[in-house]
Each structure stands twice: as structure tokens, then as C-alpha cells.
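In: Return a 3D structure for these sequence lines:
(one chain, ligands or ions: 1)
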Amino acid sequence: MWPLASHHSFKINNYASDVFNVTSVAEARSVANLDNYLILGEGTNTLFIDNYDGVIVKSCITGISYEEKKSGWHIRVGAQENWHDFVVWTLTKNICGLENLVLIPGSVGAAPVQNIGAYGVEVSQYIQSVEAVHIDTGESHTIANTECEFSYRDSIFKKNPRSWLITHVNFNISKAWQPNLSYPALADLNNQTSISARAIADAVTAIRSSKLPNPNEIPNAGSFFKNPVVSAERYQQLIEDFPNLIAFEVGGDYKLAAGWLIEQLGLKGTCCGDCCVHDKQALVLVNRGNATGDNVLALCRLIQQRVEQRFGVILEPEVRMIGRNGLIDDITKYQRS
Ligand SMILES: Cc1cc2nc3c(=O)[nH]c(=O)nc-3n(C[C@H](O)[C@H](O)[C@H](O)COP(=O)(O)OP(=O)(O)OC[C@H]3O[C@@H](n4cnc5c(N)ncnc54)[C@H](O)[C@@H]3O)c2cc1C
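Out: The predicted structure follows:
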């Protein structure tokens, strides 16, 4: 049995059957021989609700190599490198572009999976290609950006979670740097005479630290629910009933701020056992110490029910919930053993 508590940021004391640390592309090819497996980075978007009857596969390939070209930099990064440390490394080399993505927890290998994004930037803007082993065939592929099917928090890797083991990510970062201050909270920086990538990174760090609990201090899995998307018609009905509703237009539909919906119900600070809605950020559930999978399920379902009753909107978890046999498709039906 392999303890999972220190391998996912929500830190529930569950176990997997075993672990397989992949340290080379050759070893990645043997993953196909495993019966039941789950690829895990740093576990900051993964929550083990139950013991997992399978092997945890970890891509333990590290290292950063880079080449400076006339127009920019090509950087190849091993999947196990920590994302935030990599962003800081780029800034120390005066390579600018990733600064808005500073402080996102997790590994470089997981970054393309959900096309991580924050403060107006998505990682796919800087990925040239992803190197991955196709688990069924054991073949190594270099998958070009255009083939990764990147979209909002999605990619070919997320759609096919057991097919690809990412070993390296290749970045292409142009020297023609343009600060991205499109996110309202960064707009104040526009007033400065000269803006540096480091100043943006510092501002993002300050905003993130004030809004989100640090998982190393208070175990959590970041935004617990996805922001639900509703039709324009439904949005019009909702805004009449709830004039302060926070929503953003996306391609004719509307994305509602899930945190706002939860906050309106007065659920901040609500707990089931040691699993609680964070008292400052309603979209984040935290583990106060000894939360169990049942506590998480109970609180998740309570929030879903209350939001549906009040707003007629169904919240879906953003976090990957893992049960005995792997990814849980429908959290409303899952029974712990
Ligand atoms: C406090 C907090 C704040 C966060 N803020 C943001 C944010 O601003 N923006 C954002 O986009 N996300 C955010 N997240 C979510 C999380 O940081 C990202 O999803 C991150 O990329 C997860 O990295 P990980 O290594 O922990 O992945 P894991 O949770 O270990 O895995 C996530 C997925 O990637 C797959 N995976 C991991 N490594 C590999 C690999 N080598 N090959 C193939 N598949 C792999 C896993 O199978 C799984 O499907 C936040 C999380 C927390 C806890």
C-alpha cells in the first residue's frame, strides 16, 4: 500500500496499491503492462476520496535545457519540474511571458493537461509542443501545439486521461514581449511608466496570496467547482432575479461565477466534519486537518443541492475526484466502500 496524503494537496489519508516512478522514456513504455493505473503529478488538481485500487504512475523526469535564438527562446522542461519554480527560473533569465502564471501549483507535465491559465494568460500560448509516450503503443511522440486541441482548461491529454504520459514540454517564448494587463486586477500597473515582467509576477503573487489559501498551509485543491455556463436566455432570467450576479460572456453563452453563487447562500465557513468552505473564498474547500472522503462528498453534494435549489444551476467539480477504481464520473452517485 502506498500512502497518498503527501501526494495530493487536499491531503486525505487514503492509499493506492502501489507507485511506479517513471524516470526515462524507456520506462514509460512499461506503463501499458499495468492493469489499473493513474498518472499523477503533484496532485493539486486531484482529490482521493477513497483508497485507490491501482498503481500511481509518476513522470519523474526532470531538467531544463534551453537555447537562445534571434527571435526568442526554446526551452525543454522535464515533466516533474515544479511549475512555479520554472516560471521563477524564466524570470531570473529575463525570459518574459509566463509571469501571469506565477504561483499556480503543480508540475510542468500537468500544465498542458488542463491548459492552465490565470490573469488573462493560458499556457498554450507559449507551448511549442508536448513530448509524450502513447501508453497503448509505447511510441514516443512530439505533439505540436496545434495538435494538442487546447481550449479553456482542456486539451487532448485531458480528454484521453489514460493514453498519454507526458515526459517533456517544449516552450517557445518570443523576445517581442508584451505585458498582458487585460485582467482587471492588474489594470493599475498600466499607470506605471515602465512595466517589467517581474512587477507583474509580484502583483499576481500578491493578489493570489490574498485570495487563495496556500495548500502547503491549509490543504485544498484550488477552485473546487467549474464556473457553470448558461444560455443567454437563462442568463437574462437569472439577472432579473439576481441583479448582482457575476457572469462573463463567452461565445454568446454566459459563464457564472460559481464562487458568487456559493457565497450568496451564506455557505462560507460551512463544514461537514473537517471539510469546510473556506471562510474567505467560497469556491475553495479546505481540509481543516482530518477530513475524510465522506466529508468531502457530503459538503460537495450539499453545495450542489443548495445552488440548484436557489439558482437552478448545476455545479460540477473542477477537481478530479478519484475513487476506488479511478476517476469518478458522477460524484452524485459515488458510494464509498
Ligand atoms: C491553490 C490552488 C490554486 C490553483 N490555481 C490554478 C489556476 O490559477 N489556474 C489553473 O489552471 N489551475 C489552478 N489550479 C489547479 C492546478 O494547479 C493545475 O491543474 C495543475 O496543472 C495541476 O498540476 P499537478 O501536477 O498537481 O497535477 P495533478 O493533479 O497531479 O494531475 C492533474 C491531471 O494531469 C494529469 N497529469 C499529471 N502529470 C501528467 C503527465 N506527466 N502526463 C500525463 N498526464 C499527467 C493527471 O493524470 C491529471 O489528469 C490550482 C490548484 C490549487 C490547489
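In: Test my guess that residue 263 contacts residue 282.
Out: Yes: using C-beta atoms under 8 Å, residue 263 is in contact with residue 282, at 4.1 Å. All C-beta atoms are positioned from the backbone trio N, CA, C, and that covers glycine.
In: which bits of this structure sit near the ligand?
Out: 9, 39-46, 59, 79, 104-107, 109-111, 113-114, 116-118, 157, 161, 164-166, 212, 215, 220-222, 320 (C-beta under 6 Å from any ligand atom).
In: how does it look with 5 Å?
Out: Listed as neighbours of the ligand in the chain under the rule C-beta under 5 Å from any ligand atom: 9, 39-46, 59, 79, 104-107, 109-110, 113-114, 116, 118, 161, 165-166, 212, 215, 222.
In: which one of residue 263 and residue 282 has more residues nearby?
Out: Set residue 263 next to residue 282 and count neighbours by other C-beta atoms under 10 Å: residue 282 wins out with 25 against 16.
In: Spit out the contact partners of the more buried one.
Out: With contact set as C-beta atoms under 8 Å, 6 or more residues apart in numbering, residue 282 has these partners: 259, 260, 262, 263, 267, 268.
In: right, and the third one touches residue 277 too?
Out: Which is residue 262. Yes: the pair residue 262 and residue 277 qualifies as a contact (C-beta under 8 Å) at a distance of 6.7 Å.
In: joint contacts of the two?
Out: 268, 303.
In: and the residues of the chain next to the ligand, which are buried?
Out: 9, 39-46, 59, 79, 104-107, 109-110, 113-114, 116, 118, 165-166, 212, 215, 222 (16 or more other C-beta atoms under 10 Å).
In: So which of those sit within strands?
Out: If you go by DSSP state E, those have 39, 46, 59, 118, 165, 166, 222 in strands.
In: Out of those, which two sit at the greatest distance?
Out: Largest separation among these by C-beta to C-beta: 118 and 165, giving 25.5 Å.
In: Send me whichever helix in the chain runs longest as CSV with only the CA atoms.
Out: The longest helix of the chain (DSSP state H) is helix 293-311. Coordinates of each C-alpha in helix 293-311 appear next as CSV, following Å, rounded to 0.1, in the frame of the first residue of the first chain:
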residue,chain,number,x,y,z
GLY,A,293,-13.7,11.3,1.6
ASP,A,294,-17.2,11.1,3.1
ASN,A,295,-16.9,14.7,4.5
VAL,A,296,-15.9,15.9,1.0
LEU,A,297,-18.7,14.1,-0.7
ALA,A,298,-21.2,15.4,1.9
LEU,A,299,-20.1,19.0,1.5
CYS,A,300,-19.9,18.9,-2.3
ARG,A,301,-23.4,17.5,-2.5
LEU,A,302,-24.8,20.0,0.0
ILE,A,303,-23.4,22.9,-2.1
GLN,A,304,-24.6,21.3,-5.4
GLN,A,305,-28.1,20.9,-3.9
ARG,A,306,-28.4,24.3,-2.4
VAL,A,307,-27.1,26.0,-5.6
GLU,A,308,-29.5,24.1,-7.8
GLN,A,309,-32.5,24.9,-5.5
ARG,A,310,-31.8,28.6,-5.4
PHE,A,311,-30.4,29.3,-8.9
